[in-house]
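In: Show me how the following folds:
(one chain, ligands or ions: 2)
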Amino acid sequence: HFRISFSYLCPASWYFTVPTVSPFPRQRVAFLGLFFISCLLLLMLIMDFRHWGASLPRDRQYERYLARVGELEATDTEDLTLNYGLVVDCGSSGSRIFVYFWPRHNGNPHDLLDIKQMRDRNSQPVVKKIKPGISAMADTPEHASDYLRPLLSFAAAHVPVKKHKETPLYILCTAGMRLLPERKQLAILADLVRDIPLEFDFLFSQSQAEVISGKQEGVYAWIGINFVLGRFDHEDESDAEAPQELAAGRRRTVGILDMGGASLQIAYEVPTSTSVLPPKQEEEAKILLAEFNLGCDVQHTEHVYRVYVTTFLGFGGNFARQRYEDLVLNETLTKNRLLGQKTGLSPDNPLLDPCLPVGLTDVVERNSQVLHIRGRGDWASCGAMLSPLLARSNTSQASLNGIYQSPIDFNNSEFYGFSEFFYCTEDVLRIGGHYHGPTFAKAAQDYCGMAWSVLTQRFKNGLFSSHADEHRLKYQCFKSAWMYQVLHEGFHFPYDYPHLQTAQLVYDREVQWTLGAILYKTRFLPLRDLRQEGVRQAHGSWFRLSFVYNHYLFFACILVVLLAIILYLLRLRRIHHRQTRTSAPLDLLWIEEVVPMIGVQVGP
Ligand SMILES: Nc1nc2c(ncn2[C@@H]2O[C@H](COP(=O)(O)OP(=O)(O)OP(=O)(O)O)[C@@H](O)[C@H]2O)c(=O)[nH]1
Ligand SMILES: [Ca+2]
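Out: Ligands and ions are numbered 1, 2, ... in the order given. Below you'll find the predicted structure:
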């Protein structure tokens, strides 16, 4: 009988037989050790992948930081995959055009479009502002498109020409137009809709020129700031610096205060469970709550928000001054009649106004009535005189104008103040940013007490911000008192409330309600990209998936081959040892087994 040893069909150097005897103890230990090490290796490899994946949120933070830095670079107008959008903010005191751009949607239905402000080749934001407001066209609506031409030409010069046809243009008007009679509003809008397409080929139709409500303006401002602050990014809740979540998996949003020239808005997120209110207030509260979905797919609710928002027409900085002057004029004339006085009827006997800087003279005219005034710069008295303009009612939950205000948790909230809140704290007083009530009150009081001659001298010496013009210097005292009264007496913010930031730029980006407007109006665009992406993704994900599994497969093969080579080397070493110890008989045995088949006699 003979034993035929099976040898594998592989290169001679690979001839070996499966050992019939169990490996020696030493080999068994080595084999087990090797097996253990390779499993450990594989485990570490998988852990490492998992760990790497887990560190995403911190990378996400870093990504976001890099993205912010990236936003400061010039926009690559050669990149034809970029989309552009234009928003004209037609405010009461002026109009400004903002040029935005965004890359193709990233395909994640949970993400909004990544909209940023366009920056020119000098990395300056592409924005242009003109004065006065569009409501100046009230009596000549046929010139409305001529009024806006400088803004539209400016944008057309920056957006790549071949992109104009797919660049949406939104002309959104605020309080200045709201104050006009409706037929004048419509005449101005009709001129824009008719004439602009004759000269510019932006994507523009009737529905894109409108007078937005103060509620829309407040919601857009709320969307803009929270988008820039990344408060809509919910997935990286392990983000170390993430503020307290409002509800599981959602980041807390900030509230906004926006005081323009003619209107004032406040907006902040409210928890879904509203407190039980009396029926009348319940009805009122419903009107003041905006519920909207920022996501592109109505099925996804992680971007559904419930925001308390209200607007106060006539509470903007400039319009409040008008109302103050009306009040003072009427009071003075009444007092003159009752007491037989002639206060303010001549420059020698002016009415002393605590809300104007010391020594500043001015004339207030209303329907042929004239009042001569002179500033006496007393900030505290000014504030006291503004109280009637707040039109508060005596119910506890009422704010300005007797409007119901949803409770604010002042210990667990953050607010940003825009426009006049920023101009009043920064442009003259240079204390914009983190708001501290007592500090602001002191600085405003000191400014109010300064003689007008001193202020104009300092203005000439360039001591104030370049944005501060003479109009700003003249009304800074009034506006700072008005802003302070609105914030603390109107909205009941504590005098030492520590979580208010007054801002115009956040992360070097001008945060305007216009950013929120274009985010909201383009919120369904990702669906188009997602559909196109859908096809691409089907392949993409298969490729990614196979690569990942190939990745693991690849490592596993490497390990198996390594293991086989090591075992083989060990076995060769064992054979070699055995050969050196008992060389002849063993070889002979092998030869005997094979040679008889070819009849050659070997051995003694
Ligand atoms: N100091 C300063 N004042 C400014 C600046 N821009 C505008 N203003 C003035 O601040 C006041 C408010 O300006 P905006 O916030 O633009 O108000 P608006 O948008 O025109 O008015 P609304 O339609 O009510 O929103 C107006 O009197 C402007 O003239 C600025 O950069 N610095
Ligand atoms: Ca405004």
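In: mind listing the helices for the stretch 251-400 of the chain?
Out: With helices called from DSSP state H, counting those that start in this stretch, the stretch 251-400 of the chain shows them at 279-288, 317-339, 379-390.
In: any chance of those helices in TSV, with mean neighbour count and distance to ligand 2 too?
Out: The way it works is simple: take the backbone N, C-alpha and C, and place the C-beta from them, glycine included. Putting the helices of the stretch 251-400 of the chain into TSV (neighbours: other Cβ atoms under 10 Å; distance: least, Cβ to the ion, whole Å) gives the following:
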stretch	mean neighbour count	distance to ligand 2
helix 279-288	13	20
helix 317-339	16	10
helix 379-390	18	19
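In: Quick one, which of these gets closest to Gln369.
Out: helix 317-339 (6.5 Å; Cβ to Cβ).
In: could you give the mean pLDDT of the closest one?
Out: Across helix 317-339, pLDDT averages out at 96.
In: Is it positioned near ligand 1?
Out: Yes: Helix 317-339 reaches ligand 1 (Cβ under 6 Å from any ligand atom) through Gly317, Asn318.
In: Tabulate the CA atom coordinates of that helix in CSV.
Out: C-alpha atoms of helix 317-339 as CSV (Å, rounded to 0.1, in the frame of the first residue of the first chain):
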residue,chain,number,x,y,z
GLY,A,317,-36.2,105.4,14.4
ASN,A,318,-37.2,108.1,11.9
PHE,A,319,-40.9,107.7,12.1
ALA,A,320,-40.8,107.7,15.9
ARG,A,321,-39.1,111.0,15.7
GLN,A,322,-41.9,112.3,13.5
ARG,A,323,-44.5,111.1,16.0
TYR,A,324,-42.5,112.7,18.8
GLU,A,325,-42.4,116.0,17.0
ASP,A,326,-46.2,115.8,16.3
LEU,A,327,-46.7,115.1,20.0
VAL,A,328,-44.5,118.0,21.2
LEU,A,329,-45.9,120.4,18.7
ASN,A,330,-49.5,119.7,19.7
GLU,A,331,-48.7,119.8,23.5
THR,A,332,-46.8,123.1,23.1
LEU,A,333,-49.5,124.8,21.1
THR,A,334,-52.2,123.6,23.5
LYS,A,335,-50.2,124.8,26.5
ASN,A,336,-49.6,128.2,24.7
ARG,A,337,-53.3,128.5,24.2
LEU,A,338,-54.2,127.6,27.7
LEU,A,339,-51.5,129.6,29.4
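In: Run the angle between that helix and helix 379-390 for me.
Out: 100 degrees (axes from the mean of the first three to the mean of the last three Cα atoms, to 10 degrees).
In: Count residues in the vicinity of Trp102, would you?
Out: 20 (other Cβ atoms under 10 Å).
In: Begin at 783 from now on, thanks
Out: In the new count, where the first residue is 783, that last one comes out as Trp884.
In: So what does it look like in phi/psi?
Out: Here is the backbone geometry of Trp884 (degrees, to the nearest 10): phi -150, psi 140.
In: ok, it - contacts?
Out: Shown in contact with Trp884 (Cβ atoms under 8 Å, 6 or more residues apart in numbering): Leu864, Asn865, Gly867, Leu895, Asp896, Ile897, Lys898, Thr1304.
In: Out of the residues you listed, which end up buried?
Out: Neighbour counting by 16 or more other Cβ atoms under 10 Å classes Leu864, Asn865, Gly867, Leu895, Ile897, Lys898, Thr1304 among the contacts of Trp884 as buried.
In: what's near enough to touch the residue in the chain positioned nearest to ligand 2?
Out: Nearest to ligand 2 in the chain, going by Cβ to the ion, is Gly1042, at a distance of 3.4 Å. When contacts are counted by Cβ under 8 Å, 6+ apart, Gly1042 touches Gly873, Ser874, Ser875, Thr956, Ala957, Gly1098, Gly1099, Ser1201, Glu1202.
In: Can I get those in CSV including secondary structure?
Out: Output for the contacts of Gly1042, formatted as CSV (DSSP: H, G, I helix; E, B strand; the rest coil):
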residue, secondary structure
Gly873, coil
Ser874, coil
Ser875, coil
Thr956, coil
Ala957, helix
Gly1098, coil
Gly1099, helix
Ser1201, strand
Glu1202, helix
